[in-house]
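Predicted structure and sequence below. I'll ask about it afterward.
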Amino acid sequence: LPHSLPMRLPLAARAAPARAMAAAAGESPLFAPAQVGYVALAHRLVYAPLTRCRADGAGVQPPSAATYYAQRASAPGTLLISEATNIERAGQGYPNTPGLYTPAQLEAWQPVTAAVHAAGGVFFAQLWHTGRVSHPAYQPDGRPPPAPSAVPCPAAGGVTLPDFTTVPYVVPREMGREEIAAVVSQYAAAATAAIEAGFDGVEVHSANGYLLEQFLRESSNTRGDEYGGDQRWRLTADVVAAAAAAVGPDRVGVRLSPFGRFLMAPPSESDWRACDALVDRLATLGLAYLHMIEPRMTLGNEEIDVWDQSQTLDRWRARWVDAAGKPRPFISAGGFTRTRALAHLAAHPGDLIAVGRWWLSTPDLPARWAAGAPLNAYDRGTFYAGGDKGYTDYPFLGDVKEGAPTRAARDGSLVFGGGEDGAAE
């Protein structure tokens, strides 16, 4: 059953963020309530899914993950989306990333979800399969990784192996129909496992160059069957429908990156038409939300300074409506400062705003944006490193020492340290 946003933190622990946000609620659209699926949120800021590579080699989260996520749920009524979480072993493509397919993994997630709920938060698990950007070292049978077609990843660099060495991407193997059907079932099983582990819902990750987006794009999908050509949208649609059938559509969201070039060739108009067809179908399912990445974040975790200003998400926002034409919950992600977020909500008052790296470094970001207080500078070197440094040790506002690196929250300019050169999302 849906939980009712319990606030089990001691009053003193939540009083300051609650007071700051209550004061801002009548003045700022950021702190207007929102309904997402079956849950009511206290504001429109969403903690974005951020890969942190803190799990062990078996995909089991450390105990400190409970502290990490609960810290970022310090404002009651916050929606948090977990780091990308593997649905099966063959879907893994990065070291020390968590899973939702073994009993040990589920057991490790349970205190994490309980901690978020104790803070009054809402927690969705992002479900992930990396597809062709995996490597035989991650595959249980040692074969090349699965993909829509035998087309290798075009990105420079390569895949990071379990020992954290980097090797070139390999040519993947084309998935057969039976394997595609098995992956659909694995997504549904992972959605069920997420609810068993205490999550409130799931987000299907169909963005950032991973398996489902590989099927969406013509550069990576050269199939001639019902999952290729003008049907490239079908696998994501099948996965979402299966997850919705497993746990309920109001517990399922979807993430898309139609302008993305991370791990992918630049998108084409054909790719955008495939996204049109996908969003049209998803809009009929009664899902919790659609989560899309802004065009300024086309390189994944790197923000670009100049982009085609004619490129916006409005094409899909306009399609994301119910049968009566009413807009459905829409989350926009990518390089948001407080100023950008306010300007965005002035133009799109129904949206929610996902924030990544600045919330990573500032666990009480909603309260600080409400108060116009500076944010902590982030340490990019600890985004994907192990241990608690850069994970659970970022200070709350009351603990910030004089002279510590901060950033001006009102206008997005830097006071000292940090920088707007990317986003860990």
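Sure thing, it's come through.

for residue 157, what are its contacts?
residue 166 (CB atoms under 8 Å, 6 or more residues apart in numbering). Yep, even glycine has a C-beta here, placed from its N, CA and C like the rest.

Name all residues that make contact with the residue nearest the centre of the chain.
Taking CA atoms, centre = their mean, the centroid of the chain lies closest to residue 49, which sits 3.1 Å from it. Neighbouring residues of residue 49 by CB under 8 Å, 6+ apart: 81-84, 126, 203, 205, 255, 425.

wait, what's in contact with residue 355?
Residues counted as contacts of residue 355 (CB under 8 Å, 6+ apart) are 45-48, 336, 341, 365.

Surely residue 279 and residue 287 touch.
No - with contact defined as CB atoms under 8 Å, residue 279 does not reach residue 287; the gap is 10.6 Å.

Looking at the two, which is more packed in?
Taking other CB atoms under 10 Å, residue 279 and residue 287 do not tie; residue 287 has more neighbours (26 against 23).

Correct me if wrong: that one contacts residue 241.
No - counting by CB under 8 Å, residue 287 does not reach residue 241; the two are 10.0 Å apart.

just for the stretch 201-350 of the chain, where's the confidence low?
297-309 (pLDDT under 70).

Helices of that one, residue ranges please.
Counting by DSSP state H, counting those that start in this stretch, the segments of the stretch 201-350 of the chain that form helices are 211-216, 234-247, 269-282, 314-317, 338-347.

closest to residue 114 out of the ones you listed?
When the helices of the stretch 201-350 of the chain are ranked by proximity to residue 114, the top entry is helix 234-247, at 18.6 Å, counting by CB to CB.

Show me which positions of that closest one end up buried.
Within helix 234-247, the residues that qualify as buried are 234-244, 246-247, counting by 16 or more other CB atoms under 10 Å.

Can you add distance to residue 313 and give those back as a markdown table?
A markdown table is the format used below for the buried residues of helix 234-247 (distance: CB to CB, whole Å):
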| residue | distance to residue 313 |
| --- | --- |
| 234 | 22 |
| 235 | 22 |
| 236 | 17 |
| 237 | 19 |
| 238 | 24 |
| 239 | 21 |
| 240 | 18 |
| 241 | 23 |
| 242 | 26 |
| 243 | 23 |
| 244 | 23 |
| 246 | 28 |
| 247 | 26 |
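
Closest one of the residues you listed to residue 316?
Of the buried residues of helix 234-247, the one sitting nearest to residue 316 (CB to CB) turns out to be residue 236, at 13.3 Å.

Wait, that closest one touches residue 206, no?
Yes - counting by CB under 8 Å, residue 236 does reach residue 206; the two are 4.5 Å apart.

and residue 231, how many neighbours?
16.

secondary structure element for residue 67?
helix 64-71 (DSSP states H and E).

Could you count how many residues lie near the closest residue to residue 379 other than its chain neighbours?
In space, and not counting its chain neighbours, residue 379 is closest to residue 390: 4.9 Å by CB to CB, 6 or more residues apart in numbering. By the criterion of other CB under 10 Å, residue 390 has 18 neighbours.

now swap in residue 380 and tell me
16.

next one: residue 37
A total of 23 residues lie near residue 37 under the criterion other CB under 10 Å.

Can you pull the phi/psi pair for it?
The phi/psi pair for residue 37 (degrees, to the nearest 10) reads phi 60, psi -130.

residues contacting it?
Listed by CB under 8 Å, 6+ apart, the contact set of residue 37 reads 201, 249-253, 287-289, 329.

Kindly recompute the last result at 7 Å.
201, 250-251, 288-289 (CB atoms under 7 Å, 6 or more residues apart in numbering).

same deal with residue 281?
Counting by CB under 7 Å, 6+ apart, residue 281 has contacts residue 237.

Residue 257 versus that one, what's the distance?
From residue 281 over to residue 257 the distance is 18 Å, taken as CB to CB, to the nearest Å.

quick one: the residue nearest to residue 379 from residue 68, how far?
Taking CB to CB, one finds residue 390 at 10 Å from residue 68.

Equivalent analysis for residue 47, please.
From residue 47 to residue 68 the distance is 11 Å (CB to CB).

coming back round to it: among the helices of the stretch 201-350 of the chain, which comes closest to residue 149?
Closest approach to residue 149 among the helices of the stretch 201-350 of the chain is made by helix 211-216 (8.4 Å; CB to CB).

Which elements pack onto the closest one?
strand 201-206, helix 234-247, helix 269-282 (3 or more CB pairs under 7 Å, 6 or more residues apart in numbering; DSSP states H and E).

any chance of those in a markdown table, plus distance to residue 181?
Formatted as a markdown table, the helices and strands packed on helix 211-216 follow (distance: least, CB to CB, whole Å):
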| stretch | distance to residue 181 |
| --- | --- |
| strand 201-206 | 16 |
| helix 234-247 | 9 |
| helix 269-282 | 18 |
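
out of those, nearest to residue 373?
Among the helices and strands packed on helix 211-216, strand 201-206 comes nearest to residue 373, with 29.3 Å by CB to CB.

Relative to that closest one, what are the paired strands and their orientations?
Partner strands and pairing direction for strand 201-206 (DSSP bridges) are strand 122-128 (parallel), strand 252-256 (parallel).

Make CSV out of those and add distance to residue 167.
What follows is the strands paired with strand 201-206, written out as CSV (distance: least, CB to CB, whole Å):
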stretch, distance to residue 167
strand 122-128, 21
strand 252-256, 28
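
Let me have those in CSV, extended by mean neighbour count and distance to residue 314.
Converted to CSV, these look like this (neighbours: other CB atoms under 10 Å; distance: least, CB to CB, whole Å):
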stretch, mean neighbour count, distance to residue 314
strand 122-128, 28, 25
strand 252-256, 27, 14
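
wait, which of the ones you listed is closest to residue 316?
Closest approach to residue 316 among the strands paired with strand 201-206 is made by strand 252-256 (7.5 Å; CB to CB).

Could you point out which of the strands paired with strand 201-206 sits nearest residue 369?
Closest among the strands paired with strand 201-206, using CB to CB: strand 122-128, at 18.6 Å.

Determine the next helix or strand in the C-terminal direction from the closest one.
Defined by DSSP H and E, the subsequent element after strand 122-128 is strand 146-147.
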